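J.: Fold the following and give me the result.
(2 chains)
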Amino acid sequence: MIQLEQVSKEYRMGSETIYALRNVNLRINAGEYIAIIGPSGSGKSTLMNIIGCLDNTSRGRYRLSGNAVAGLSGDRLAEVRNATIGFVFQTFNLLPRLNARENVELPLVYAGVGKAERRMRSHAMLTRVGLSDRMLHKPNELSGGQRQRVAIARALATDPAVLLADEPTGALDTHTGREIMGLLEDLNSEGTTLILVTHDPELAERARRMIRLRDGEIIHEETH
Amino acid sequence: MGRRSLWESARMSFRSISGSPVRAGLTALGVMIGVASVISLVALGRGAQQEVAGNLQQLGANLLMVYSGEPRGTALVRTNTSNIRPTLTPADLEAIRNIDPELLRLAAPASTANAQLQFENRNAAVTVVGTTPEYTEIRNFRPVYGEFFDHSHVASRSNIVAIGMQVYRDLFDAGTDPLGRTIRINGSAFVVTAVMEEKGAAAQDNSVLIPISTFQRRISGDAAYAMIAVQASEPGIMRELQARIEEHILRLHRMPSMEGADFYVVNQLDLLATVEGVAGTFTLMLASIAGISLIVGGIGIMNIMLVSVTERTREIGVRMALGARRRDITMQFLTEAVLIAVAGGVVGIAIGIAGSWAALRFARIASEVTIPSIVTAFGFSFLVGLFFGGYPAWRASRLNPIEALRYE
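T.: Model prediction:
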């Protein structure tokens, strides 16, 4: 499913070169539940961005669903993101002017899906996350947990193979956070690959597999 | 980019615009004012042009004027030829009248002089025109009451007169029948036989018309005419007719060319073209000035769109993460700018139409809104949106999704 070989990412800061990732090898199979953990500055965000096709590698190879991603144009990457990756962010990143349903439909708009089918799918996704009665609410009329559910429904809209959750509970209280994790894990058990990026070891413990990053390198990997 | 996604981005832009109506309104204000001024100024220019052209047509249809002397200005009809030494002879008139009737319909000599009118104890200073009966037809200046003199009166040098409406008012009490009354022109007695229609211009309303023969004997003492008014058979042959007239009179006057000739011809068509040309230039100038405000409006749109792109950096990042391609982002902001500009344009058109209507209705300023000016103004506001929205949209599409997502 996801295959990184000798992936490096470097940034030039004046005369200095900063390595955000060094020779990372990582293989994630379809349907896996994996946590990427590490302190800030460890390179986990960079890794997430590369896996999520938001960023290109400096060196190395990245294959997603068997296709080489490195070197694709920005627009091709956008199409790959749209079709393959569902993002769940710490701060939800819902568009404030759109209601829940319209937020969920957004990736479908970019996928070129027709209106009737968008309606149907957004309805199904919002029902799946338990918000069938909140479809026409704007984000500011929803609680944090509800917002994150909308975001998850949006991430699921194009039926992506991979859910990429970046600190999905970071802005939620413990109880709500647990509910959201439960929802994500349910989705994983239904077959969606779940990649959880966090700095919280307790949260990472829930994943069946965990890799720990430090200074741009995988320093530890364990399977539960 | 398919039709659907175009519609989709229009819908999205509409949502985003209606989310902040005050800002959108202020953004569109510049274009609104620009378009409104283009519409109303062009309408004003058109109105002026039409009015002048209308006035010119009023002087008579397919009119050519042959004048004694050297060319003076471009006036088609000179109100007063009293200070011109007449050089046009009866032979000239005869030659003109003998021109092919396919070209020439009518010709009438005319000389004018300033004169003092007297009736009972009232006086009036007027222009006396000596002419022949064709004059009324050629100059589109007809009697409303009584009978204009005919050729027999010209032949017999009758002392009869057709008076202008202003002259009637000055000399007679309202309701008095002037026909058959005797008035004195420079001391000579004339019988009033007609009152001419009111033209709204002193040149006609404050004039009296007498047979040319009588004029020559009683007033000028000269057998030549100051001018000859000619009506062409149709507008298309006016230049040909002018050439023929010039040719004939040059021969009769034994002159080699119009250069230094003792007469000249002014034709209505050329004059009309000149007037319309001047009015066109004037309209274009007004439109250009208004066009500048349209550009300023466009810069306003660009300014606000750039602010908007910065404010919505995070939104752009989210959209990119969800699969928006660069062209999707470009389209979104471009349609937004175009929508604002076009909305401003439509409101501006409405204001412009209302404005020129009000000018006509309340200030009696001639103004005509034309369909092409509406279409052009609409098209321009669209282009302004496209042009000035282009750079902000391009900036938005160039954002790096990672940085945009991280933007606070």
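J.: show me the contacts for the closest residue to residue B:370 other than its chain neighbours.
T.: Using Cβ to Cβ, 6 or more residues apart in numbering or on different chains and skipping the chain neighbours, the partner closest in space to residue B:370 is residue B:46 (6.0 Å). Yep, even glycine has a C-beta here, placed from its N, CA and C like the rest. Residues near residue B:46 by Cβ atoms under 8 Å, 6 or more residues apart in numbering or on different chains: B:283, B:367, B:368, B:369, B:370, B:373.
J.: which one of these is nearest chain A?
T.: Relative to chain A, the closest of the contacts of residue B:46 is residue B:373; by Cβ to the nearest Cβ it sits at 36.8 Å.
J.: and the closest one, what helix or strand is that in?
T.: Residue B:373 belongs to helix B:371-397 when elements are defined using DSSP states H and E.
J.: which element follows that helix toward the C-terminus?
T.: Counting by DSSP H and E, the next helix or strand C-terminal to helix B:371-397 is helix B:401-406.
J.: where does the chain have low pLDDT?
T.: No chain in the question, so chain A it is. Scanning chain A for pLDDT under 70 picks out nothing.
J.: Hmm, no, I was thinking of chain B.
T.: Counting by pLDDT under 70, chain B shows low-confidence ranges at B:1-5, B:72-82.
J.: can you tell me which residue is nearest the centre of it?
T.: Centroid check for chain B by Cα atoms, centre = their mean gives residue B:49 as the closest residue, at 1.3 Å.
J.: a helix runs through that one, doesn't it?
T.: Yes: note on residue B:49: a helix contains this position according to DSSP: H, G, I helix; E, B strand; the rest coil.
J.: if I look at it, how far off is residue A:209?
T.: 83 Å (Cβ to Cβ, to the nearest Å).
J.: which stretches of chain A form strands?
T.: For chain A, the strands defined by DSSP state E cover A:2-13, A:16-28, A:33-37, A:59-64, A:67-68, A:85-88, A:162-166, A:193-198, A:209-214, A:217-223.
J.: do the same with chain B
T.: B:63-68, B:104-119, B:122-131, B:143-146, B:160-163, B:182-185, B:188-196, B:207-211, B:227-232, B:263-267.
J.: could I get those as JSON lines with mean neighbour count and distance to residue A:198?
T.: Formatted as JSON lines, the strands of chain B follow (neighbours: other Cβ atoms under 10 Å in any protein chain shown; distance: least, Cβ to Cβ, whole Å):
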{"stretch": "strand B:63-68", "mean neighbour count": "24", "distance to residue A:198": "94"}
{"stretch": "strand B:104-119", "mean neighbour count": "21", "distance to residue A:198": "100"}
{"stretch": "strand B:122-131", "mean neighbour count": "20", "distance to residue A:198": "103"}
{"stretch": "strand B:143-146", "mean neighbour count": "16", "distance to residue A:198": "101"}
{"stretch": "strand B:160-163", "mean neighbour count": "26", "distance to residue A:198": "107"}
{"stretch": "strand B:182-185", "mean neighbour count": "18", "distance to residue A:198": "113"}
{"stretch": "strand B:188-196", "mean neighbour count": "19", "distance to residue A:198": "102"}
{"stretch": "strand B:207-211", "mean neighbour count": "26", "distance to residue A:198": "102"}
{"stretch": "strand B:227-232", "mean neighbour count": "25", "distance to residue A:198": "95"}
{"stretch": "strand B:263-267", "mean neighbour count": "21", "distance to residue A:198": "92"}
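J.: With distance to chain A added, can I get those in TSV?
T.: Formatted as TSV, the strands of chain B follow (distance: least, Cβ to the nearest Cβ, whole Å):
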stretch	distance to chain A
strand B:63-68	67
strand B:104-119	70
strand B:122-131	75
strand B:143-146	72
strand B:160-163	78
strand B:182-185	85
strand B:188-196	73
strand B:207-211	74
strand B:227-232	67
strand B:263-267	66
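J.: Adding distance to residue B:294, write those out as JSON lines.
T.: Listed next are the strands of chain B as JSON lines, based on distance: least, Cβ to Cβ, whole Å:
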{"stretch": "strand B:63-68", "distance to residue B:294": "41"}
{"stretch": "strand B:104-119", "distance to residue B:294": "49"}
{"stretch": "strand B:122-131", "distance to residue B:294": "49"}
{"stretch": "strand B:143-146", "distance to residue B:294": "50"}
{"stretch": "strand B:160-163", "distance to residue B:294": "54"}
{"stretch": "strand B:182-185", "distance to residue B:294": "60"}
{"stretch": "strand B:188-196", "distance to residue B:294": "50"}
{"stretch": "strand B:207-211", "distance to residue B:294": "49"}
{"stretch": "strand B:227-232", "distance to residue B:294": "44"}
{"stretch": "strand B:263-267", "distance to residue B:294": "39"}
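J.: Now for the residue of the stretch 251-400 of chain B at minimum distance from chain A: which residues touch it?
T.: Nearest to chain A, among the residues of the stretch 251-400 of chain B, is residue B:323, at 2.4 Å (Cβ to the nearest Cβ). Counting by Cβ under 8 Å, 6+ apart, residue B:323 touches A:78, A:79, A:81, A:82, A:83, A:107, A:110, A:111, A:158.
J.: Kindly recompute the last result at 10 Å.
T.: Counting by Cβ atoms under 10 Å, 6 or more residues apart in numbering or on different chains, residue B:323 touches A:53, A:77-85, A:87, A:106-112, A:157-158, A:160.
J.: Just give the number of residues close to residue A:68.
T.: Residue A:68: 11 surrounding residues under other Cβ atoms under 10 Å in any protein chain shown.
J.: Could you check how far it is from chain B?
T.: Separation of residue A:68 from chain B (Cβ to the nearest Cβ, to the nearest Å) stands at 19 Å.
J.: Can you spell out which residues form a bridge with the nearest residue to that residue once chain neighbours are set aside?
T.: Distances taken as Cβ to Cβ, 6+ apart place residue A:61 nearest to residue A:68, at 6.7 Å, with adjacent residues excluded. For residue A:61, the beta-bridge assignment (DSSP bridges) gives partners residue A:5.
J.: if I read this right, residue A:61 contacts residue A:23, doesn't it?
T.: No: look at residue A:61 against residue A:23 with Cβ atoms under 10 Å: they stay out of range, at 11.7 Å.
J.: Need the residues touching each of the two.
T.: The contact lists of residue A:61 and residue A:23 share A:4, A:5, A:6, A:7, where a contact means Cβ under 10 Å, 6+ apart.
J.: Would you check that the third one makes contact with residue A:217?
T.: Yep, that's residue A:6 we're talking about. No: using Cβ under 10 Å, residue A:6 is not in contact with residue A:217; the gap is 11.8 Å.
J.: quick check: domain ranges of chain B?
T.: Per automatic domain parsing, the domain ranges recorded for chain B read B:3-54+B:274-406, B:63-233.
J.: Reformat these as JSON lines; add distance to residue A:166.
T.: Formatted as JSON lines, the domains of chain B follow (distance: least, Cβ to Cβ, whole Å):
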{"stretch": "domain B:3-54+B:274-406", "distance to residue A:166": "10"}
{"stretch": "domain B:63-233", "distance to residue A:166": "81"}
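J.: Mind checking those for the one nearest to residue A:175?
T.: Residue A:175 sits nearest to domain B:3-54+B:274-406 of all the domains of chain B, at 26.7 Å, using Cβ to Cβ.
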